[in-house]
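>>> Give me a model of this one.
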Amino acid sequence: MTTRTRPKLWGIFFICLLLWSPNGGVAAQEASKKDDCITIFNNGKLNWSTGQVSAVGKASPKGNKEGANDSVPGSARADASRNIIDILRQIKIKNTVTVDQYASRNDIILAGIEKTARDAVITEQYYSSALDVEIRIKTSIYGGFLQLVLPDDIRQISKINTDTTAATAHDPKKQMGEIPYTGLIIDARGLELEPILYPTIVSEQGNDIYSSLFISREFAVQYGVCTYVCSMDAALRGERIGSHPLVFKGLRKSGNENASIVISMADTKLIEKATERHLFLKECRVIIVKGQ
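Numbers count the residues shown, from 1 in each chain. Sure, this is the predicted structure:
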């Protein structure tokens, strides 16, 4: 082997490492993007898997009210902000309630939505030969936005005692050293489920399995009530649900207006026996597999 061929071989080796890297490789990143659940709007999109909202704004010297070329980027940024606001207002909180409907008579929420748009960061900016400007901005629904729009019945739950010593003494499962469950995956593929900010899960008898009764607001605001992904592989890879999640199949959507996901009686009995559910449901460690 000559010294000239060594750099080429090292280069090939480095590329292979990137492609095979389980954490940050190109192949892994592309697979992750493919599994994301995304809603497309006229001038932007919402990624339900990451909580990111992005929008495009455009402006040109001809249509710019200020009449100066240096103010065109500002006009494009303002256009992008308007589009972000439009997208945020179209998001559904429940199946029958959009953010726009919820906020229509509340000036505080409307002001908060505008602030969310103002806080968006510029991710891309393009100039044409005619000095037209196109800007893409991005913000998150997590944090301030969810604090504004999540229903008031999702409240703060006091600290749950994680000392299971007493419970273990009377729990054959724990005595046998079985691993406690760390989260919940709902396979809702085939249910034609539309992502919403506040999904709920019920038993076949209509009893709440996952709702405001179990969710602590601090976690719902910070991470969302759940994460939506579009493949089971992505759900099983998700750090959100830990290393030992329960995996249930959604049977159908309930018949009421704000349709919940219905799970079987067998699955209901299983999760009700898992005392650790109170902790992982409180922390919103739930992933819903929507499918494409």
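
>>> which residues touch Asn83?
When contacts are counted by Cβ atoms under 8 Å, 6 or more residues apart in numbering, Asn83 touches 41-44, 55-57. For glycine as for every other residue, the C-beta is placed from the backbone atoms N, C-alpha and C.

>>> 10 Å instead, please
Neighbouring residues of Asn83 by Cβ atoms under 10 Å, 6 or more residues apart in numbering: 41-44, 53-58, 117, 136-137.

>>> Narrow these to those in helices?
Ala117 (DSSP state H).

>>> residue ranges of the helices in the chain, please?
Assigned by DSSP H, the chain shows helices spanning 5-20, 26-35, 72-90, 99-103, 107-118, 144-149, 165-169, 172-175, 217-223, 232-237, 265-273, 277-282.

>>> Give me the buried positions along the fifth one.
By neighbour count, with 16 or more other Cβ atoms under 10 Å as the criterion, the buried positions of helix 107-118 are 109-110, 112-113, 116-117.

>>> how about those in JSON lines, adding distance to Leu191?
JSON lines is the format used below for the buried residues of helix 107-118 (distance: Cβ to Cβ, whole Å):
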{"residue": "Ile109", "distance to Leu191": "30"}
{"residue": "Leu110", "distance to Leu191": "33"}
{"residue": "Gly112", "distance to Leu191": "32"}
{"residue": "Ile113", "distance to Leu191": "30"}
{"residue": "Thr116", "distance to Leu191": "30"}
{"residue": "Ala117", "distance to Leu191": "32"}
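
>>> Among those, which one lies nearest to Arg89?
Ile113 (6.7 Å; Cβ to Cβ).

>>> I'd assumed Ser104 was in contact with that closest one.
No. Applying Cβ atoms under 10 Å as the test, Ile113 and Ser104 come out as separate, 11.4 Å apart.

>>> so where do the strands sit in the stretch 151-292 of the chain?
Counting by DSSP state E, counting those that start in this stretch, one finds strands in the stretch 151-292 of the chain at the ranges 183-187, 201-202, 208-210, 227-229, 245-249, 252-253, 261-262, 286-289.

>>> Among the ones you listed, which comes closest to Ala220?
Each of the strands of the stretch 151-292 of the chain has some distance to Ala220 by Cβ to Cβ; the shortest is strand 286-289, at 10.4 Å.

>>> List the buried residues in that closest one.
If you call a residue buried by 16+ other Cβ under 10 Å, then strand 286-289 has these buried ones: 286-289.

>>> circling back to that earlier point, tell me, what's touching Ile113 and Ser104 both at once?
Counting by Cβ under 10 Å, 6+ apart, the residues touching both Ile113 and Ser104 are Arg89.

>>> What's the separation between Lys138 and Ile40?
15 Å (Cβ to Cβ, to the nearest Å).
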